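Chemist: compute the structure for the input listed below.
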Amino acid sequence: MKLAGKKALITGGATGIGRGIADAFAREGADIAINYFGKEEEAISVQKELAAEYGVTVVLIEADITDENQVEEMITTAVNELGRIDILVNSAGILNQMLLKDMTVKDWDQMIKVNLRGPFLCTKSILPHMLKNNYGRIINIASQLGQIGGVELSHYCAAKAGVIGFTKSVAREVGQYGININCIAPGPIETSMIKNLDHNWKEQKGKSLPIPRFGLVEEVAPTAVMLASDPDGNLYTGQTLGPNSGDVML
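Modeler: Take a look at the predicted model:
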């Protein structure tokens with residue numbers, strides 16, 4: 001098992017891509033702290049399922065990742081419950097569509113708050129623990145839209161582009177201390193988060209892809225396992241990897 005003995009904290013780990021990564025990490029032997037915010041029953045169900053199927057420790061921590069105090073408490077709880085945190089996955093996020101001309105400052109601020117401030121707070125709070133251990137793997141879930149932009153998604157694209165730039169900068173700061181930080185920038189993925197997006201947009205987007213379909217969460221999770229594993233992920237830092245059906249080709 002690639003992650004046997006490792007300890008991971010996954011924000012947004014009860015749903016969507018985060019849920020898929022939690023499953024993959026548990027399958028590979030990692031003990032996991034799953035952050036969630038609301039939807040407690042769903043989180044408890046995931047906890048029970050992963051613990052029963054894979055025999056690993058699964059801890060639930062409710063916290064608003066945009067609140068500095070709650071994030072610090074979450075990190076402290078995760079470290080106390082699991083002994084340490086080797087891997088942080090910043091997966092929690094939101095998505096909605098609107099034209100810039102219709103967007104309010106509140107709409108903009110909320111998107112940036114969750115999708116960019118959240119990863120900043122979580123990364124900043126975990127760093128002292130990883131620096132103490134001279135080891136860490138941080139994986140930020142960005143989006144291919146942060147690389148190419150998207151109509152009715154200027155706020156989302158700005159936040160995800162920010163995550164990519166943030167990741168590159170932090171990689172240059174902490175690489176010498178045994179900490180690797182990377183992005184995964186998925187293409188369109190079938191998750192509950194995209195259910196409310198425009199149906200025509202989704203249909204046309206799927207047809208336009210070189211691999212002409214949306215991906216599945218279980219097709220994204222192996223990239224996270226690779227980045228979190230030794231020696232598989234040892235030489236990756238500041239990178240943006242794209243399981244995106246060919247939507248972005250670098």
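
Chemist: what residues does the spatially most central residue of the chain make contact with?
Modeler: For the chain, S91 is the residue whose C-alpha lies nearest the centre (C-alpha atoms, centre = their mean; 2.2 Å). S91 sits next to I10, T11, G12, G13, G16, I17, G18, I21, I141 when contact means C-beta atoms under 8 Å, 6 or more residues apart in numbering. Placement of C-beta: from N, CA and C, glycine included.

Chemist: show only the entries of these found in strands.
Modeler: The strands, defined by DSSP state E, take in I10, T11, I141 from the contacts of S91.

Chemist: once you drop chain neighbours, what's closest to the residue nearest to the centre of the chain?
Modeler: G18 (3.4 Å; C-beta to C-beta, 6 or more residues apart in numbering).

Chemist: can you put the ones in strands among the contacts of S91 in a markdown table and add neighbour count?
Modeler: Converted to a markdown table, the ones in strands among the contacts of S91 look like this (neighbours: other C-beta atoms under 10 Å):
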| residue | neighbour count |
| --- | --- |
| I10 | 28 |
| T11 | 27 |
| I141 | 26 |
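
Chemist: worst-scoring helix or strand of the chain, pLDDT-wise?
Modeler: Every helix and strand of the chain was ranked by mean pLDDT, DSSP states H and E. The lowest is helix 199-208, at a mean of 84.

Chemist: which parts of that helix are buried?
Modeler: Within helix 199-208, the residues that qualify as buried are W201, K205, G206, counting by 16 or more other C-beta atoms under 10 Å.

Chemist: and stretch 148-161, by the same measure?
Modeler: G150, E152, L153, S154, H155, Y156, C157, A158, A159, K160, A161.

Chemist: the longest helix along the chain packs against which elements?
Modeler: Across the chain, the longest stretch assigned as helix under DSSP state H is helix 154-174. Contacts defined by 3 or more C-beta pairs under 8 Å, 6 or more residues apart in numbering; DSSP states H and E place helix 154-174 against helix 105-112, helix 118-133, strand 136-141, helix 145-148, strand 179-184.

Chemist: got a markdown table for the buried residues of helix 199-208, with distance to L99 too?
Modeler: Below are these laid out as a markdown table (distance: C-beta to C-beta, whole Å):
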| residue | distance to L99 |
| --- | --- |
| W201 | 13 |
| K205 | 17 |
| G206 | 22 |
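
Chemist: out of the residues you listed, which one sits closest to A221?
Modeler: A221 has its nearest neighbour among the buried residues of helix 199-208 in G206, at 20.6 Å by C-beta to C-beta.

Chemist: just checking, the closest one touches P212?
Modeler: Yes. Taking contacts as C-beta atoms under 8 Å, G206 lies within contact range of P212: 6.2 Å.

Chemist: got the contact list for the spatially closest residue to D67 that is not a sequence neighbour?
Modeler: Among residues not flanking D67 along the chain, L121 sits closest, at 8.0 Å (C-beta to C-beta, 6+ apart). If you count contacts by C-beta under 8 Å, 6+ apart, L121 has them with I65, T66, D67, E68, V71.

Chemist: need the contact list for the closest residue in space to the first one that isn't next to it in sequence.
Modeler: Across the structure, with C-beta to C-beta, 6+ apart as the measure, the residue nearest I65 apart from its sequence neighbours is G118 (3.8 Å). With contact taken as C-beta under 8 Å, 6+ apart, G118 is in contact with T11, I65, T66, V71, N90, A92, G93.

Chemist: what is the burial count for the last one?
Modeler: Residues contacting G93 under the criterion other C-beta atoms under 10 Å number 25.
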